[in-house]
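Participant: This is a predicted model, with the sequence first.
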Amino acid sequence: MSKGPFSPSQFIPTKWSTAEDKARFGNALLHFVDSGFARNLFTDRLYDRLSNCFGHIAHYNSTGFYEVWFLSLTAQVRFLEHTLRFPRYGDPQFTFSDVESEIQREARNRNYLPRYQLLLAEEQRVAELTLLEHLEGKYRSRRKDPEERTASASPPDGGEAVEPVQGLLF
């Protein structure tokens, strides 16, 4: 069993899964999140269980599930928000609801959502600053002397200036 905060004694076995299975799933999911959602840790076993917890539905395969929930920081934050918001349903003798509750508790203790929200905010900030720099380079005119501005305002072929289409609308 992978190391983690959960032990089998915390969980009630179901007809189909042992308490060890429940602890293994909980620890594997936390390890996956701690890794930054590393693709190699998203095993078929983790996918099979996760696709049946927290109100998820199975996708065509684990690749599809991974692409929807973990491929970007935006998706990862959405996954964490969904996971933490999901209410506990079902009896632990028949479902993994006891594990879901413990995962939610541990995710809050580890501040997963605020940490990933900060990462996302920084990623967005860098992207916006990069875009701003690009647009400023493209559209901010260098300081021109007044004669250059006047010359650039007249049509290049020396013809008459045409009123912009927007002016004709009003």
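Facilitator: Yep, it's here. Residues are numbered from 1 along each chain as shown.
Participant: Of all the helices and strands in the protein, which has the lowest average confidence?
Facilitator: Among the helices and strands of the chain, helix 146-153 carries the lowest confidence by mean pLDDT, DSSP states H and E, at a mean of 55.
Participant: Just list the residues touching Thr83, thanks.
Facilitator: Residues counted as contacts of Thr83 (C-beta atoms under 8 Å, 6 or more residues apart in numbering) are 54, 103-104, 107. Every C-beta, even on glycine, is put in place using the N, C-alpha and C of the backbone.
Participant: Tell me which of the residues you listed fall in helices.
Facilitator: Here DSSP state H is the test, and these give 103-104, 107 as lying in helices.
Participant: Most neighbours of all the contacts of Thr83, which one?
Facilitator: Among these, the one with the most neighbours (other C-beta atoms under 10 Å) is Ile103, at 25 neighbours.
Participant: Go ahead and confirm that residue touches Ala23.
Facilitator: No: with contact defined as C-beta atoms under 8 Å, Ile103 does not reach Ala23; the gap is 11.0 Å.
Participant: Setting the sequence-adjacent residues aside, check what's closest to Arg49.
Facilitator: Phe25 (4.8 Å; C-beta to C-beta, 6 or more residues apart in numbering).
Participant: other SSEs contacting the host helix or strand of the one you found?
Facilitator: Using DSSP states H and E, Phe25 maps to helix 19-34. With contacts taken as 3 or more C-beta pairs under 8 Å, 6 or more residues apart in numbering; DSSP states H and E, helix 19-34 sits against helix 44-50, helix 97-109.
Participant: I'm done for today, thanks for sticking with me.
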